[in-house]
Structures are given as C-alpha cells and as structure tokens.
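*Asks:* sequence first, then the predicted structure, then my questions.
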Amino acid sequence: MTDDSPAIHPALRQFPAVDGCLQIGGVSLTRLADRVGSTPFFAYDRQLLSEQITELRRHLPSAIHLHYAIKANPMPAVVQHLNGLVDGFDVASALEMMTALDTGMSPERISFAGPGKTRAELDQAIAAGVVLHLESETEMRTVAELAERQGIRPRVAIRVNPDFELKASGMRMGGGAQQFGVDAERVPQMLGELDKLDLDFVGFHIFAGSQNLNADILLSTQEKIIDLGISLAQHAPAPVTHLNIGGGFGIPYFPKDVPLDLARVGDHLATQMPRLEAELPEARVIVELGRYIVGECGIYVSWIVDRKESRGQVFLITDGGLNHQLAASGNFGQVIRRNYPVAIGNRMDQRSTDVVNVVGCLCTPLDLLADKVELPRADIGDLVVVFQSGAYGLTASPTAFLSHPAPSEVLV
C-alpha cells in the first residue's frame with residue numbers, strides 16, 4: 001500500500017508486498033498460484049509459524065508447556081513443522097492422533113479430548129499410549145474395559161466442565177450444561193471410582209472458552225481454572241502430573257478488534273507459577289493453543305472469474321467460497337456478519353477506489369466473502385486474498401457442498 005492509503009488491518013501487514021504483489025514465504029502470490037497449479041488454495045507461511053511460537057516463548061513462563069491443538073489446522077506439513085517447536089499436541093479424533101504420532105512426538109505428550117469417542121478410537125488411543133481426556137463416567141468405564149482386554153494401563157486425565165465460563169469469548173465451552181467434560185461438582189465422586197479401576201490417573205483438562213481478546217477476562221478465568229485444579233487435586237488418587245489449563249487466546253479478525261496483550265497474559269501466568277509449584281509440585285502445566293498459533297499465518301486465495309454490476313452494486317465473483325472458507329462467509333459462529341480482512345493480492349500497491357461485494361461461485365446468497373468492502377479496482381484474473389485463514393478454514397468448511405473441487409493447501 002502507498003503511504004497515503006487508509007489504515008489497514010494488521011493482518012495485511014504480516015505479509016510483505018513486492019512490486020504490488022503479496023509475498024508468502026518469500027514467494028510472490030502470482031508465482032505461488034502458478035506453482036500450486038490452480039485456485040482456490042490455502043497457503044501457510046512457515047516462517048510466520050515459527051515466529052509466532054518464538055513470540056509465545058518470549059512471553060510465557062519457561063515452566064509452561066506449550067501444546068498445539070491440531071483441530072485448528074491438521075495439515076500434516078503444518079503439524080510436522082510445529083513438532084520441533086511445541087512441547088506436545090492435543091487431538092480430537094483418531095486421524096488427528098495418527099497425524100500427531102507420525103511426527104515422532106512422544107505419545108505421553110499427545111492428549112486426546114472430545115465427547116463421543118467411539119470404542120474403536122479409544123482402542124487406538126490406548127494402544128498408542130497417548131493421554132486420554134475422559135469426558136464422562138461412561139467413557140472412563142469403557143476405557144477401563146478396553147484397557148483390560150489389551151493388557152495396558154492407560155494414562156488418563158479428566159476433562160472438567162467448570163462452573164464458570166470464559167466471558168467475551170468467541171465460543172464458550174465451560175459453565176452451565178455442556179457436552180464437554182465432567183461437571184466440576186461430579187469430579188470428586190468420579191475420582192473415587194477411578195481409583196478402583198486399573199487406570200493411570202495423571203491430571204485434569206480444564207477449558208472454558210476460545211477466541212478471547214480481553215486480557216482482563218482471560219487472566220481472571222486462568223486464576224479460576226488454577227484454583228479449581230488445585231481443589232480437585234485434593235480428591236485425586238495420585239499426584240497431578242498433567243494440568244491442561246486450556247488457552248482461549250484470540251486473534252483479531254475484524255477492524256475494531258484489538259490484539260490480545262500477550263505480555264500481560266504471560267506476566268500474570270508467571271505470578272501463578274509459584275503457587276502451582278507449591279500446591280502441585282509434580283504437575284506439567286500446559287497451555288493449549290490452536291488458532292493463536294496458526295490463524296494469522298495463513299491466507300485463502302481465489303481467482304476472480306467474473307465482475308458484474310447489479311442495481312448499483314459491484315460483485316467480484318471468485319472460484320472460491322463458503323465451501324472452502326465457511327468462517328469468512330460469516331456462517332461459522334458469527335452472530336452479526338463482519339468482513340475478514342481481504343485484499344487483491346496482485347494489486348497491493350494500488351489505492352482502494354471501489355466498493356464491492358466479493359462472492360463465491362455457489363448458488364446461495366450465503367456465499368459472501370466480503371460485503372461492501374473497499375478494494376482497488378479488480379477484474380477477471382486478479383487474485384482475492386482472505387487473511388486470518390490459517391485456522392478453521394478448509395477442515396471447518398462444507399467442501400462437498402454443490403460438489404465443487406476441494407482447494408489445495410501449501411506450506412511455504
């Protein structure tokens with residue numbers, strides 16, 4: 001962008017432009033499109049991934065174990081790259097578990113959470129030796145039964161549904177009635193039953209919500225999580241060696257979003273570590289992050305196949321859409337639809353002069369990638385880029401909808 005351009009979203013500044021063309025991993029967007037061979041595609045920048053981990057390490061206490069939640073982006077190349085940078089992986093399916101194991105990560109550094117695990121998935125997880133996060137008393141009994149048949153004593157932790165929520169979060173996953181975890185007030189009784197089973201209890205997973213940008217709320221919730229973990233440990237049949245306090249760190253998607261103050265979060269966690277070390281001296285304290293690690297490191301790229309006007313409005317029609325990037329269309333958790341940051345990737349040095357709607361190629365009015373957004377003049381053959389697309393993009397989208405081809409993914 002030129003110096004006199006209006007203020008742009010910080011996401012656009014993460015990727016440099018050379019001669020007006022966006023660069024990803026040091027490769028120009030147009031060349032990358034030729035390399036991939038077709039649009040649409042997702043591209044993830046490995047250097048930005050590494051830098052994000054470095055920034056987290058700089059602010060979080062050294063005693064914190066950093067885990068990557070694979071559900072945010074399970075592309076094998078991304079997970080493989082992160083294997084050398086994080087301390088563990090958290091998975092939510094057997095396929096994610098296999099992806100994590102393929103990296104060479106030690107099984108005891110991989111945890112498997114999620115309600116409704118099938119007997120087959122539990123069998124696989126027991127055989128693999130990963131830490132199973134138990135979501136109910138029934139699941140606990142099933143694990144014990146399957147483990148006895150295999151002759152294995154599996155490592156298990158209880159996923160706790162706290163009696164509080166992470167307010168101002170994009171998705172609340174704790175407090176009230178939930179399909180996730182065991183209600184905190186039921187956990188002591190469950191621990192009593194677990195003590196009679198041939199299971200290796202290691203600790204707790206306490207998660208209250210995700211996509212939070214308010215440091216004050218996040219710090220308050222972390223304190224409550226730590227208090228709850230210490231309290232429940234008094235009922236445990238063995239010392240707590242695994243305490244996953246979740247994450248919830250958000251990234252800015254929309255113009256008025258203020259990035260999370262990571263320094264404050266890290267400083268506050270540092271003040272909590274002496275208490276944790278005193279109360280739970282054997283515990284590995286885990287912060288589990290997905291979106292915060294990968295979300296800002298990826299883009300979604302589609303090609304403009306038509307430019308049309310309809311009753312005073314301009315529509316840029318692309319070969320992409322909500323079947324690939326559901327979240328950007330506003331149909332993945334947004335109550336009020338707002339635009340993700342977008343750009344014309346091969347016209348980054350041009351001023352925004354047009355107000356346009358960027359839409360996909362699907363036969364539904366829901367297929368809207370940007371609503372009345374200011375962009376440089378664009379036409380057929382130009383490349384539309386949707387930023388903040390590194391997390392919950394391809395795998396969170398209905399790729400089979402209307403039977404269009406699936407997009408490619410590349411790590412650059």
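*Replies:* On my side now, so go ahead. Because the structure is a prediction, the values reported are computed rather than measured. Residues are numbered from 1 along each chain as shown.

*Asks:* endpoints of stretch 225-243, how far apart?
*Replies:* Its first and final residues considered, stretch 225-243 spans 10 Å by Cα to Cα, to the nearest Å.

*Asks:* buried ones in it?
*Replies:* 225-226, 228-230, 232-233, 236, 240-243 (16 or more other Cβ atoms under 10 Å). From N, CA and C alone the C-beta is placed, and that goes for glycine too.

*Asks:* check stretch 368-387 too.
*Replies:* So stretch 368-387, judged by 16+ other Cβ under 10 Å, has buried residues 368-370, 373, 375-376, 378, 382-387.

*Asks:* quote the end-to-end distance of that stretch.
*Replies:* End-to-end distance for stretch 368-387: 15 Å, by Cα to Cα.

*Asks:* how far does that stretch sit from its chain's centre?
*Replies:* Centre-to-centre, stretch 368-387 and its host chain are 25 Å apart (Cα atoms, centre = their mean, to the nearest Å).

*Asks:* and the nearest residue to residue 47 once chain neighbours are set aside, how far from residue 300?
*Replies:* Take residue 47 and drop its neighbours on the chain: the residue closest to it by Cβ to Cβ, 6 or more residues apart in numbering is residue 25, 6.3 Å away. As defined by Cβ to Cβ, to the nearest Å, residue 25 lies at a distance of 15 Å from residue 300.

*Asks:* who has more neighbours, the two?
*Replies:* Just comparing residue 25 and residue 300: by other Cβ atoms under 10 Å the higher neighbour count belongs to residue 300, 29 against 16.

*Asks:* most distant residue from the centre of the chain?
*Replies:* residue 311 (39.4 Å; Cα atoms, centre = their mean).

*Asks:* on the three-state scheme, residue 189 is what?
*Replies:* Recorded secondary structure, residue 189: helix (DSSP: H, G, I helix; E, B strand; the rest coil).

*Asks:* that one and residue 163: what is the separation?
*Replies:* Per Cβ to Cβ, residue 189 is found 15 Å from residue 163.

*Asks:* mind picking out the helix or strand in this structure with the poorest mean pLDDT?
*Replies:* None of the helices or strands of the chain scores lower by mean pLDDT, DSSP states H and E than strand 171-172, at a mean of 53.

*Asks:* wait, residue 204 sits on residue 158?
*Replies:* Yes: between residue 204 and residue 158 a contact is recorded at 5.6 Å, counting by Cβ atoms under 8 Å.

*Asks:* give me the common contacts of these two.
*Replies:* residue 187 (Cβ atoms under 8 Å, 6 or more residues apart in numbering).
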